[in-house]
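Colleague: Sequence and predicted structure below; questions after.
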Amino acid sequence: MLIKIEHPYPVRSSEITPEAQYWDRRQFMRMGAAAAGLALAGCAPEDPAENSKSPLSALKTVKTTNMAGSENITAYDDITHYNNFYEFGTGKTDPALNAATLRTRPWSVVVDGECEAPGVIDLEDLMRPHALEERVYRHRCVEAWSLVAPWVGFPLGDLLKRFKPTSKGKYVSFQTLLDERQMPETARGVLDFPYREGLRIDEALHPLAFLSVGLYGKVLPNQNGAPLRLTLPWKYGFKSIKSIVRIRFTERMPMTTWNQLAPNEYGFYANVNPTVDHPRWSQSRERRLGELFKRETLMFNGYPEVAPLYAGMDLRVNY
Ligand code: MTE
């Protein structure tokens, strides 16, 4: 985002996973996981999704909602090998190469600020009350590439309500882990780490706002923001903060990483809007990972149900 590099994405359209094939693959993965479970009986399970005591063991049995129409789901390899995660490098292939150093267990999240029930909560306890579900969402990066992904997680609003935000909790801010040993690239200071993002409380409570812990029926890969990331399909990708360690309710609009760095390029709202160009490039079209030709970008990325959140706002000013 900082440095504009043209990447002709080298994936053939034949590599896209057609939807039907994905659902077949899910069935196959379930059978594979069951077989693996048998083979591993008696061993200490390493994968949290295979540990029946872990809330992640529900990953394979979740109900699915397709919220991307009849569009092809992007291939798993593309979703996991073309990433933005500056804590692991600025190149699109860097996160897949470097993020193995991220330790995602144990993991806890601080929830504080303007709420009645602040606390530090272990990830497993954070997840336990929530029924996991799978949602197929379109995503649009501000750099004009996009993808369709099957995320597993639960609604952000369900989690936030547990902490009882007060009437002063008008915004929610999120922060990523900052640990130079696990994320050596952060020492280079390309961004003002820790990575921070924020939402207005009504945006955060919108049913589309999602917290993801899995992808394609598997535990979320590190490069996609393990163990916990935001997934906001109607906003540019940079709002979907990865590897969250802190959630804070605030009275004032929180500072966010990209907005602080270049406020004229990256607004606080960052709603996908084909009629408002980025100062350095058009936002009217996008290239779906795995496809050759560009397609038109849709207002709110094709999720018009969020429009009432912005009624009466000038979206050219509040970009
Ligand atoms: N979160 C953190 N902590 N660090 C980042 O660099 N990049 C953002 C967002 N979340 C980023 C982040 C950007 S610019 C995008 S487009 C999406 O992650 C990319 O998500 P993906 O790699 O899963 O497609």
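Modeller: Looks like it arrived, so ask away. Residues are numbered from 1 along each chain as shown.

Colleague: what's the burial count for the closest residue to residue 278 other than its chain neighbours?
Modeller: Using C-beta to C-beta, 6 or more residues apart in numbering and skipping residues adjacent in sequence, the residue nearest residue 278 is residue 265, 6.1 Å away. From N, CA and C alone the C-beta is placed, and that goes for glycine too. As a burial measure, residue 265 scores 15 neighbours (other C-beta atoms under 10 Å).

Colleague: How about residue 305?
Modeller: By the criterion of other C-beta under 10 Å, residue 305 has 12 neighbours.

Colleague: isn't it right up against residue 208?
Modeller: Yes - assessed by C-beta atoms under 8 Å, residue 305 is found in contact with residue 208 at 7.0 Å.

Colleague: Spell out which parts of the stretch 151-300 of the chain neighbour the ligand.
Modeller: Proximity of the stretch 151-300 of the chain to the ligand (C-beta under 6 Å from any ligand atom) is limited to residues 176, 195, 224, 225, 237, 238, 240, 241, 242, 243.

Colleague: tell me the contacts of the fifth one?
Modeller: For residue 237, the contacting residues are 84, 139, 140, 141, 142, taking C-beta atoms under 8 Å, 6 or more residues apart in numbering as the criterion.

Colleague: May I ask which two of those are separated the most?
Modeller: Greatest spacing in the contacts of residue 237, by C-beta to C-beta: 84 and 140 (12.5 Å).

Colleague: Tell me which stretches of the stretch 201-319 of the chain form strands.
Modeller: Per DSSP state E, counting those that start in this stretch, the stretch 201-319 of the chain carries strands over the ranges 210-215, 218-219, 229-231, 244-250, 285-288, 295-296.

Colleague: Can I get the ones you listed in JSON lines including distance to residue 76, mean pLDDT and mean neighbour count?
Modeller: JSON lines is the format used below for the strands of the stretch 201-319 of the chain (distance: least, C-beta to C-beta, whole Å; pLDDT from 0 to 100; neighbours: other C-beta atoms under 10 Å):
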{"stretch": "strand 210-215", "distance to residue 76": "8", "mean pLDDT": "97", "mean neighbour count": "25"}
{"stretch": "strand 218-219", "distance to residue 76": "8", "mean pLDDT": "94", "mean neighbour count": "18"}
{"stretch": "strand 229-231", "distance to residue 76": "16", "mean pLDDT": "98", "mean neighbour count": "24"}
{"stretch": "strand 244-250", "distance to residue 76": "23", "mean pLDDT": "98", "mean neighbour count": "21"}
{"stretch": "strand 285-288", "distance to residue 76": "15", "mean pLDDT": "98", "mean neighbour count": "20"}
{"stretch": "strand 295-296", "distance to residue 76": "21", "mean pLDDT": "98", "mean neighbour count": "10"}
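
Colleague: Any idea which of those gets closest to residue 278?
Modeller: That would be strand 285-288 among the strands of the stretch 201-319 of the chain, by C-beta to C-beta, at 12.0 Å.

Colleague: Okay, now the sheet partners of the closest one, with direction.
Modeller: Here strand 285-288 has these sheet partners by DSSP bridges: strand 145-155 (parallel), strand 295-296 (antiparallel).

Colleague: In JSON lines, list these along with distance to residue 219.
Modeller: Formatted as JSON lines, these follow (distance: least, C-beta to C-beta, whole Å):
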{"stretch": "strand 145-155", "distance to residue 219": "9"}
{"stretch": "strand 295-296", "distance to residue 219": "31"}
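
Colleague: about what we covered before: residue 84 and residue 140: which is more packed in?
Modeller: residue 140 (24 against 21).

Colleague: helix/strand/coil for the one residue in the stretch 1-150 of the chain that gets nearest to the ligand?
Modeller: As assessed by C-beta to the nearest ligand atom, the ligand sits closest to residue 83 within the stretch 1-150 of the chain, at 3.2 Å. Following DSSP: H, G, I helix; E, B strand; the rest coil, the label given to residue 83 is coil.
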